[in-house]
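> Give me a model of this one.
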Amino acid sequence: MTLFVDVDFKTPLSEKYVCDVLVLAREQGGLKASDLMRVCTNYQVIKKTAQMMVSVGLLNCYTDRGSRLRVIYEVTPMGSKIADHFAIARDIFMGEQYVDGVIPPMEE
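Below you'll find the model as predicted:
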């Protein structure tokens, strides 16, 4: 019986700040680039993370040319599903109590 399989589990989800950015973007309905600094105060690091998330399909990015030029990040459908699970894990970690230990169903 093999107890350990040498498999590389590193994925884009393993990258620093991905969980927090996904949950924040889902909860806020989108983020301005400057809002990313709520997750990490080093703008270059968090911007690089967000760009990687766009490249793998977790976030969409577009430019709002309203009164000021702004970059907006929104979760994709796949990113939203993953963010739902991250949010539940965060709530469990923070001590959120679920009725009878049952985790509520994911929103569609």
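> Quick one: the helices in the protein, in order.
Along the chain, the segments classed as helices by DSSP state H run 18-28, 43-55, 77-93.
> Can you say which of the ones you listed is packed in most?
Mean neighbour count (mean count of other CB atoms under 10 Å) peaks for helix 18-28 among the helices of the chain, with a mean of 21. Bear in mind the C-beta positions are built from the backbone N, C-alpha and C, glycine included.
> Kindly reformat the helices of the chain as JSON lines containing distance to residue 69.
What follows is the helices of the chain, written out as JSON lines (distance: least, CB to CB, whole Å):
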{"stretch": "helix 18-28", "distance to residue 69": "20"}
{"stretch": "helix 43-55", "distance to residue 69": "15"}
{"stretch": "helix 77-93", "distance to residue 69": "24"}
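> Redo those helices as CSV? Include distance to residue 36 and mean pLDDT.
Formatted as CSV, the helices of the chain follow (distance: least, CB to CB, whole Å; pLDDT from 0 to 100):
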stretch, distance to residue 36, mean pLDDT
helix 18-28, 7, 93
helix 43-55, 4, 94
helix 77-93, 14, 89
